[in-house]
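*Asks:* 3D model of this:
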Amino acid sequence: MDFFKFPKILREKSELDTSGQKAFLKSAEPMRPLFVKNLDEAIEDQITEKDVPVDLKAEASLLGAKDLGAAAASAMTKRQERIRKDMVEKYFEEIFHTQKKEFQDLKDEDKKVINDEKSDFLEEIKSSFNAVTNEDVENGLRDRFLNQLHEMKISKEARDYVRKVCGGIEVDEFLGRKENKGLEEIFKEAKGLILKTNETKKQFRANNPGIKLVRDFTFDLVEKIDYFIQKIDEDIDFFTVEEEALCKKVLGASKGIIKGNGKKTSIVMDGFTYNADSANVVINEVKPAAVETDAEKEERMKFSRAGAQITLQRVDKWEDLDVVDPAEKGEHKGDKNFIEKTKKLWKEFAVHGLYKDGKLQKFTDLDGKGCLELLKLAKINIKDLKYIDPGTFEEGRINLDTGGKDGVVAEDFDKENKKTAFIDHHGEESLADSSATAKTYRMLVDLGLLEKNPKLDEMVKFVNQVDNAQYPKIETYFENSHKTIIGLQNYIHGSKLVNFFMKDNNPDPTRELSEGELKKYGFIYPGVGDKKGTIVNRSENQRNVKEKSKESLERMEKEGFIITSDRYGKIAVSIENGIEKKNIPGDILAVKAFGCDSLVIWNPRENKFKISTNNEITEEYSQGVKVRGIMWVKNNSDSSELTVTLGEILNKMTDGKLVAEGKLKEYLEQEVALPVSNADALSVEAPKEKTPEDLFKDLIVELSVFNVERYQLLYNEMMDVAGKKGVVGDEKKKLVLSVLPNVVERDIARHTKKRGEELEKISEYILSQIK
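*Replies:* Prediction:
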């Protein structure tokens with residue numbers, strides 16, 4: 001909200017026509033200085049330092065928000081905008097009631113007068129620009145000023161702009177070139193580059209020739225502009241946005257120079273101030289924002305450099321890059337050649353697979369899929385793809401979402417000529433809101449291999465949320481997660497994921513899908529092969545996952561496996577010791593939907609554990625590694641024997657205030673009495689001998705979350721068992737197919753513990769049911 005938006009308020013407050021509104025503003029003008037002064041004081045009183053981010057505060061200082069008034073609204077935070085808006089409306093409400101009668105009669109001829117004044121005003125600006133040029137070119141001030149910009153490494157575009165303004169360019173012509181980069185963007189570019197040079201403070205000294213040039217220029221204009229700026233306030237409809245911006249900027253600059261108030265007001269280049277000491281204050285205020293900008297640019301350069309390094313390490317001869325003639329570089333042919341070479345040379349990839357039943361499967365999670373799909377969109381051939389253990393890497397390949405690195409990393413050229421590279425987010429320095437997909441996307445865009453696209457931005461954001469368990473509105477949509485993209489994300493094919501975000505009219509991953517959409521995006525489809533004649537329904541599988549997770553969490557809560565902590569909130573403790581399958585098939589998503597904040601998965605049988613939290617993990621554990629600050633993991637890539645204890649983990653998470661009850665307490669007491677390596681002896685309660693019927697029911701539950709590959713594996717195993725029992729031919733096939741057709745689903749990593757003797761018991765049970 002600013003002073004130039006008052007006519008809109010009037011339209012909302014009254015029946016006045018345009019002429020009445022103009023008269024209102026004209027009569028109100030004498031009250032403006034007091035109003036702006038009071039407004040600024042009120043803002044200062046109501047806004048604390050913490051409410052004004054450093055970069056906005058610096059911007060407000062540089063733009064002279066306190067003097068211009070209007071600039072404050074654009075530079076301050078939303079809270080300040082709200083306060084300003086409320087005060088402006090209240091102010092006008094009061095004067096409107098007292099002066100309404102005076103604003104009814106604005107004569108039509110006044111409009112002609114205003115238009116004439118506007119033309120005269122623009123002519124004054126033109127002549128003033130020309131006057132500065134004619135007076136100062138001879139003594140070299142302008143040239144020295146431009147040379148100084150050159151020494152400060154200001155971009156050619158910004159230098160050209162200054163040269164044109166100081167050289168008397170026609171104002172109307174300049175303002176009319178809307179297709180160009182524009183006034184504000186060039187100002188910001190010049191300001192940012194000036195502030196970031198090592199010689200900044202020297203450039204702001206009072207004897208700076210650029211300062212003198214600008215001072216002389218603005219001093220001559222101030223009296224003329226001061227009058228016409230009022231006309232902009234009164235007659236907003238008669239001026240373009242560009243004209244308003246130019247007038248406001250020059251007026252603020254002029255007043256700032258005359259007052260010598262460099263701290264609150266900027267002049268012309270939004271960086272040169274009349275007072276050197278005040279200028280240094282502004283520099284110090286803006287420095288954090290400038291440093292942050294530098295870091296962001298360095299990060300972008302890091303991605304493109306590392307991506308280019310991956311290409312260069314795969315070049316056998318430099319001639320293979322087809323370096324172009326220098327005369328052609330203006331057409332960017334060198335860049336195009338490099339892009340084409342990159343597409344050809346990037347051809348050997350590795351991505352982490354997922355484990356099922358202790359065996360590595362040839363499919364990956366959503367983050368891995370996102371990386372692969374982005375590469376395909378960039379026209380890179382990924383057919384030579386190898387699935388490897390999570391956390392490991394394959395030498396000689398570009399490793400995606402695995403390898404323990406952060407960002408895009410190319411190994412040294414001379415490392416056995418293996419040409420190994422990584423696009424990963426599992427390094428110690430990786431942040432909690434990152435993903436390999438996001439890093440792949442950024443690298444491809446920076447290299448020119450892929451166009452940045454708002455729809456792809458949303459897809460990458462979604463993958464980040466999923467991979468870091470930062471689910472929006474989880475408590476509201478988990479109940480119907482079997483009908484949403486985010487609930488079914490484990491099942492979605494990479495190409496369907498891209499189609500959803502790129503082509504769907506409503507690509508909201510939390511909205512419920514219709515049955516037609518569930519089929520469209522590959523969640524309901526006819527079975528093939530051994531499943532021919534059946535309908536695979538991933539939505540029903542996810543419903544089973546949701547219900548089993550809820551039952552497990554309710555049981556865990558009753559048995560003491562949900563505890564509280566000061567730093568990590570409610571912690572769900574899932575003990576997977578081989579006696580039964582994964583307690584919470586819905587994993588952290590289900591845990592958060594249940595109202596918990598953290599999850600500890602403890603699996604001593606397989607020498608691994610995982611901690612997932614909402615907050616940064618600050619403590620250290622004797623085994624495992626911290627991942628993205630919010631996870632601590634010891635997984636299959638670390639085959640060492642488990643030495644850390646669950647009690648140690650929970651005590652650290654609760655800052656020594658662990659209150660264990662029920663079966664969790666019993667487990668921890670057993671853990672103290674027995675060595676961790678004796679995992680089979682540790683249990684929540686002594687395992688009971690299960691009947692064949694119990695084993696079969698367990699198997700059905702487990703099968704509900706299996707995928708096609710797992711289905712084939714189990715099918716083969718059961719055929720073998722049936723064969724050993726003397727069941728052969730069609731009878732054997734009928735036996736196995738009678739059990740499996742409609743229950744084997746899902747492509748998330750779930751392990752079955754059914755082996756050997758248990759499978760035989762299940763087979764016997766099936767035979768008895770057939771007989």
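*Asks:* which of the helices and strands in this protein ranks last by mean pLDDT?
*Replies:* When the helices and strands of the chain are scored by mean pLDDT, DSSP states H and E, helix 65-68 comes last with a mean of 33.
*Asks:* quick one, domains of this structure?
*Replies:* 3-103, 109-281, 346-467, 481-529, 559-681, 692-770 (automatic domain parsing).
*Asks:* quick one: end-to-end distance for the third one.
*Replies:* Distance between the two ends of domain 346-467: 25 Å, counting by Cα to Cα, to the nearest Å.
*Asks:* any regions of this structure where pLDDT drops low?
*Replies:* 1-301, 315-335, 357-358, 412-418, 428-432, 471-475, 529, 577-582, 636-637, 672-771 (pLDDT under 70).
*Asks:* list the buried residues of stretch 615-627.
*Replies:* By 16 or more other Cβ atoms under 10 Å, the buried positions in stretch 615-627 come out as 617, 621, 623-627. (C-beta placed from N, C-alpha, C; glycine too.)
*Asks:* next: stretch 527-547.
*Replies:* Buried, per 16+ other Cβ under 10 Å, within stretch 527-547: 527, 530-531, 536-546.
*Asks:* in strands only, show me those residues.
*Replies:* 536-537 (DSSP state E).
*Asks:* can you give me the strands for the stretch 551-700 of the chain?
*Replies:* With DSSP state E, counting those that start in this stretch, the ranges of strands along the stretch 551-700 of the chain come out as 562-565, 569-575, 598-603, 608-612, 625-627, 631-634.
*Asks:* redo these as JSON lines? Include distance to Asp433.
*Replies:* As requested, these are exported to JSON lines (distance: least, Cβ to Cβ, whole Å):
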{"stretch": "strand 562-565", "distance to Asp433": "23"}
{"stretch": "strand 569-575", "distance to Asp433": "19"}
{"stretch": "strand 598-603", "distance to Asp433": "17"}
{"stretch": "strand 608-612", "distance to Asp433": "15"}
{"stretch": "strand 625-627", "distance to Asp433": "13"}
{"stretch": "strand 631-634", "distance to Asp433": "13"}
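*Asks:* so which of the ones you listed gets nearest Lys341?
*Replies:* strand 625-627 (34.3 Å; Cβ to Cβ).
*Asks:* now for that closest one, which elements pack on it?
*Replies:* Counting contacts by 3 or more Cβ pairs under 8 Å, 6 or more residues apart in numbering; DSSP states H and E, strand 625-627 is packed against strand 631-634.
*Asks:* quickly run through the sheet partners of the strand it packs on, with directions.
*Replies:* strand 608-612 (antiparallel), strand 625-627 (antiparallel) (DSSP bridges).
*Asks:* got the contact list for it?
*Replies:* 607-613, 617, 621, 623-627, 642, 644 (Cβ atoms under 8 Å, 6 or more residues apart in numbering).
*Asks:* wait, what's in contact with Tyr477?
*Replies:* Counted by Cβ under 8 Å, 6+ apart, Tyr477 has contacts 484, 486-487, 510.
*Asks:* which one of the residues you listed is nearest Glu661?
*Replies:* So of the contacts of Tyr477, ranked by how close each gets to Glu661 (Cβ to Cβ), first place is Gly487, at 32.3 Å.
*Asks:* count the neighbours of the closest one for me.
*Replies:* Neighbours of Gly487 under the rule other Cβ atoms under 10 Å: 27.
*Asks:* please apply the same query to Gly656.
*Replies:* 7.
*Asks:* and if you look at Val573?
*Replies:* Val573 has 24 nearby residues by other Cβ under 10 Å.
*Asks:* for it, give the beta-bridge partners.
*Replies:* Here Val573, judged by DSSP bridges, has bridge partners Val600.
*Asks:* list the contacts for it?
*Replies:* If you count contacts by Cβ under 8 Å, 6+ apart, then Val573 has 556, 561-563, 600, 602, 646, 650, 664 around it.
*Asks:* apart from its chain neighbours, what residue comes closest to Glu512?
*Replies:* Nearest-residue entry for Glu512: Lys483, 4.4 Å, with adjacent residues in sequence omitted and distances by Cβ to Cβ, 6 or more residues apart in numbering.
*Asks:* if I look at the one you found, how far off is Asn505?
*Replies:* Distance, Lys483 to Asn505, by Cβ to Cβ, to the nearest Å: 17 Å.
*Asks:* tell me which of the two has more neighbours.
*Replies:* Lys483 (20 against 4).
*Asks:* correct me, but the residue nearest to Glu512 touches Ser539?
*Replies:* Yes: Lys483 lies in contact with Ser539 (Cβ atoms under 8 Å); the separation is 6.3 Å.
*Asks:* what do these two both touch?
*Replies:* Leu518.
*Asks:* now do the contacts for the closest residue to Thr564 other than its chain neighbours.
*Replies:* Spatial nearest neighbour of Thr564, excluding adjacent residues (Cβ to Cβ, 6+ apart): Lys570 at 5.7 Å. Listed by Cβ under 8 Å, 6+ apart, the contact partners of Lys570 are 562-564, 595-598.
*Asks:* one more: Phe462?
*Replies:* Counted by Cβ under 8 Å, 6+ apart, Phe462 has contacts 485-486, 501, 509.
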